[in-house]
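Chemist: Structure for the following, please:
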Amino acid sequence: MASPMAWRYCGNQIKLWRTRAGVSREELAKEAGYEYETIKSMEQGRRRPTLHLLQFADQLCGAGELLVAAKDYLRPERFVSYAQDFMLLEADAIALSSYQPQLIPGLLQTEETMRLLFNGHWPPLDDEIIEERVAARLARQAMLDKATKVFNFIVGEAALRTTLGDREAHKRQLLHLLSAGKRRNVTIQVLRTGGVHPGLDGPFVLLEMPDHDRLVYEEGQQSGVLYSEPEKIGIMVHRHVMLAHRALSPDESARFIRKLAEEL
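Modeler: Coordinates of the predicted model:
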């Protein structure tokens, strides 16, 4: 995967200013307290230039804070690149219907659950990226407070039984689901494990936009796809309907989740 353009541009600017000032890569590395290869990686855009390096390079090369000014463009992306279009559309949608067989949907996760998942990411994420993504996911959850926006969640039993952290953290997550499900615009249904059904092919999200057009988003390990072809949309709408019929009712689901929480 290509490095972000901002990394590459900023790294090249560091190299240009350093060359113009007659400062060697070795000198910059020594002054900033970095290894030579680290400076090289940052200049080549393979690693995100740090504010620490920008400050030393700016001073050493006489850039007059022009290099330091790049810091605002080097903040970690709030969402992975392939999900950004979906996030923008999600914010505008009037209805969201989600099916998640293995994980609690992000809109229903506690901050504890988010941190456990982001800390378990491979390759590991640095602390700044984790903080940015946790903040972004928490900010997304404000959508649930918009009473005219409808949310339908179908969650697999496996997601409810899988303890990501300790038992108390998992209990808090289950209780959080019960609380979220009390909103009049939020429906949560549990799909029990077992049998053949249309959800075995994986998770997906249906979006209904203000003009009543529909979109589907599917996400895999390292990529996501957003599509609007009527034939594909029709198939996924029917799949969601079939899953909703197969799942426990909202009231039965709440009782099931409460029972799981009480057992912890």
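
Chemist: Tell me where the stretch 1-150 of the chain has strands.
Modeler: Taking DSSP state E, counting those that start in this stretch, the strands of the stretch 1-150 of the chain run over residues 95-100, 150-156.

Chemist: got the ones you listed as JSON lines, with mean neighbour count and distance to Leu260 columns?
Modeler: C-beta: built from backbone N, CA, C; applies to glycine. Shown next, in JSON lines, are the strands of the stretch 1-150 of the chain (neighbours: other Cβ atoms under 10 Å; distance: least, Cβ to Cβ, whole Å):
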{"stretch": "strand 95-100", "mean neighbour count": "22", "distance to Leu260": "16"}
{"stretch": "strand 150-156", "mean neighbour count": "22", "distance to Leu260": "12"}
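
Chemist: out of those strands, nearest to Val216?
Modeler: With Cβ to Cβ as the criterion, Val216 lies closest to strand 95-100 of the strands of the stretch 1-150 of the chain, at 9.7 Å.

Chemist: the inter-axis angle of that closest one versus strand 150-156?
Modeler: Put simply, strand 95-100 runs at 10 degrees to strand 150-156, going by axes from the mean of the first three to the mean of the last three Cα atoms, to 10 degrees.

Chemist: Strand 95-100 pairs with which strands?
Modeler: Strand pairing for strand 95-100, determined by DSSP bridges: strand 150-156 (parallel), strand 204-208 (antiparallel).

Chemist: Output the first one as CSV, nothing but the C-alphas.
Modeler: C-alpha atoms of strand 150-156 as CSV (Å, rounded to 0.1, in the frame of the first residue of the first chain):
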residue,chain,number,x,y,z
VAL,A,150,-33.1,4.9,11.9
PHE,A,151,-30.6,2.2,13.0
ASN,A,152,-31.2,-1.6,12.6
PHE,A,153,-28.5,-3.8,14.0
ILE,A,154,-28.4,-7.6,13.6
VAL,A,155,-25.5,-8.9,15.8
GLY,A,156,-24.3,-12.5,15.7
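
Chemist: roughly how far is that strand from the heart of the chain?
Modeler: Computed by Cα atoms, centre = their mean, to the nearest Å, the chain-centroid distance of strand 150-156 equals 18 Å.

Chemist: can you check the shortest one too?
Modeler: Distance of strand 204-208 from the chain centroid (Cα atoms, centre = their mean) equals 16 Å.

Chemist: helix or strand right after it?
Modeler: Using DSSP states H and E, the helix or strand that follows strand 204-208 towards the C-terminus is strand 214-219.

Chemist: Read off the pLDDT value for Tyr99.
Modeler: If you check Tyr99, the pLDDT there is 98.

Chemist: tell me the contacts of the residue nearest to it when sequence neighbours are not counted?
Modeler: Nearest non-adjacent residue to Tyr99, counting by Cβ to Cβ, 6 or more residues apart in numbering: Ile154, 4.6 Å away. Neighbouring residues of Ile154 by Cβ atoms under 8 Å, 6 or more residues apart in numbering: 97-100, 189-191, 199, 240, 243-244, 247.
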